[in-house]
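Enquirer: just coords:
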């Protein structure tokens, strides 16, 4: 359950969600497995899995959700082979050419025939709303996955007035300054990984791993006009991550001391363990998100 990626979205005002009716609202979009002719299904499942049938989990002023996506697996090679066989049969028996439009129709028929026998695969996407600070935090590596979850949440709640995190100053400029020798924020240490990018759509990109980020070659690229758009950081020996210029956070890893703190609080009970994990994670992320925003001059006026 510990989040590995963070995409941050901001509520413009007070978060107003009635927990007494929330589970009922989520039930309207509860997950249902794929039927015979469904290509995919998407809906809410209990964040705690088999430990609870509640479609949200509340702790520490935060509401956690979990969306499950199930889709049918139809190998493209299998569909292509069946299509080639059908086209060859028509050409041989009817002595005519099969054009693109008819091939697409034949392909659709093949997919329809194969769907009931297809295997399925599923993915879960977790998110939580911090009702005290006004953040929606999605554990997703791509904006598309986050948008899919937010669309479902908007359908359930009726409204979801959130916008991507926006800050007052340029993260790329600030992070570049850190590697130029400017003072880093308290508790922050750079790691050994970064991505530098030249301005413009066709600008060159340099990705570094296991690299001394204060080395002369990095300085040369910065002096040549590149800026830091991704940077590995360690925060207070509490968590490590890759911080990006759009404020997305990737490859998030929590320190062992936090995992042990949560384990000590659960006393071996699985439900208590889930709750303890969530409390410890959300408390530390609440502080970390505020710190990250302050790295870059605070929230932009329109996002406050």
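Expert: Everything's here; your move. Worth saying up front: this structure is predicted, and the values here are computed from it rather than measured.

Enquirer: which helices and strands sit right next to the strand or helix carrying residue 8?
Expert: For residue 8, the host element (DSSP states H and E) is strand 7-10. Judged by 3 or more Cβ pairs under 8 Å, 6 or more residues apart in numbering; DSSP states H and E, strand 7-10 is in contact with strand 135-138, helix 143-157, strand 163-164. Where you see a C-beta, it was placed from the backbone N, CA and C, and this is true even at glycine.

Enquirer: what sits up against that strand?
Expert: For strand 7-10, contacts defined as Cβ atoms under 8 Å, 6 or more residues apart in numbering pick out 134-138, 140, 143, 146, 150, 162-166, 247-249, 289, 299, 303.

Enquirer: how about a cut-off of 6 Å?
Expert: By Cβ atoms under 6 Å, 6 or more residues apart in numbering, the list of residues contacting strand 7-10 from outside reads 136, 138, 140, 146, 162, 163, 164, 165, 247, 248, 303.

Enquirer: what do you get for stretch 129-149?
Expert: 3, 5-7, 9, 11, 15, 61-63, 67, 125-128, 162, 286.

Enquirer: before we move on, the earlier item: ranking the helices and strands packed on strand 7-10 by burial, who's on top?
Expert: The highest average neighbour count among the helices and strands packed on strand 7-10, using mean count of other Cβ atoms under 10 Å, belongs to strand 135-138 at a mean of 25.

Enquirer: list the buried ones in stretch 108-127?
Expert: Applying a neighbour-count criterion of 16 or more other Cβ atoms under 10 Å, the buried positions in stretch 108-127 are 110, 111, 115, 118, 125, 126, 127.

Enquirer: may I have the strands that pair with the strand holding residue 8, each with its orientation?
Expert: Strand pairing for strand 7-10, using DSSP bridges, gives strand 135-138 (antiparallel), strand 163-164 (antiparallel).

Enquirer: before we move on, the earlier item: nearest to residue 294, out of the helices and strands packed on strand 7-10?
Expert: Shortest distance between residue 294 and those, using Cβ to Cβ, is found for strand 135-138: 14.0 Å.
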